[in-house]
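Novice: fold the stuff below for me.
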Amino acid sequence: MPLHSIADIPLYLFIGLAASILGALPFGLVNLSILQSAVKKGTRSTFPIAHGASLVEVMYGVVGVFAGKFITQYINDNFWFHLISALILLIIGGVFFIRKARFNFSSNNTFGGFSYGILLNLLSLQVLAYWVIASSLLSTAGYLPLAPITIAGFLAGIWIGKMLILYGYAYFGEEIMGRSEKISKNINRLVGLVLMAVAGVVLAKGLI
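Specialist: Numbers count the residues shown, from 1 in each chain. You can find the predicted model right below:
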């Protein structure tokens, strides 16, 4: 096993962690279910859901790694790909930055279970799309892991990032529910700014 691959593990762990946190921050099926379960049944009830959802997140990360490599092989030097990708990211980032979200929390649903967390994230196909796009961008920038050991570090970062965000939603469930609109707006703005910054990097990469 090459020594440089082992030395790169912390880097790819951090990359996976950062990408996972960015993808998991906005409200989605899993986050809303974690909130409801935490408020109704306590924080401990959310742990099986979080583990199930994180397992699927890692699976999506695996798909993203191989899809990112495949896509980049054919379009790495294609200026139009960089331009279109930058425009898509800019539009999505703009939507996140300006949109207002309102959430209605049902009091009749029952949440819980490892398999339920798996199902929720499997239904969130936008998460799969996120990892394909994110991995393609990382591959284009030269930051997608190639060696098995660095891929393992990257996937470990994805797991840790997803769990951190879901645990955060669980521990601060009541406060988040009470301020859902304000918190969502700020999170959306943060995600929007990051996506627009990435759009600028992608465009610059295409021009070089």
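Novice: name the helix or strand for the most centrally placed residue in the chain, please.
Specialist: Closest to where the C-alpha atoms of the chain average out (Cα atoms, centre = their mean) is G23, at 2.1 Å. Using DSSP states H and E, G23 sits within helix 9-24.
Novice: what's the first helix or strand after that helix?
Specialist: Counting by DSSP H and E, the next helix or strand C-terminal to helix 9-24 is helix 29-41.
Novice: now that following helix: buried residues?
Specialist: Neighbour counts using 16 or more other Cβ atoms under 10 Å place 29-39 of helix 29-41 among the buried residues. In short, each C-beta sits where N, CA and C put it, glycine included.
Novice: beyond that helix, next helix or strand please.
Specialist: Next in sequence after helix 29-41, counting helices and strands by DSSP H and E, comes helix 47-75.
Novice: tell me which residues of that next one come out buried.
Specialist: Residues of helix 47-75 classed as buried by neighbour count (16+ other Cβ under 10 Å): 47-61, 64-65, 67-68, 71-72, 75.
Novice: how far away from the center of its chain is it?
Specialist: The chain centroid and the centroid of helix 47-75 are separated by 10 Å, computed with Cα atoms, centre = their mean, to the nearest Å.
Novice: likewise for stretch 151-166?
Specialist: On Cα atoms, centre = their mean, the centre of stretch 151-166 falls 10 Å from that of its chain.
Novice: do stretch 13-27 as well
Specialist: Remark: stretch 13-27 is offset 5 Å from the chain centroid, using Cα atoms, centre = their mean.
Novice: how about stretch 16-34?
Specialist: A distance of 5 Å separates the centroid of the chain from that of stretch 16-34, by Cα atoms, centre = their mean.
Novice: ends of that stretch, how far apart?
Specialist: 22 Å (Cα to Cα, to the nearest Å).
Novice: before we move on, what about stretch 20-33?
Specialist: 18 Å.
Novice: pLDDT (mean, whole number) over it?
Specialist: Stretch 20-33 comes out with an average pLDDT of 84.
Novice: give me the buried positions along stretch 17-30.
Specialist: Going by neighbour count (16+ other Cβ under 10 Å), the buried part of stretch 17-30 is 17, 19-30.
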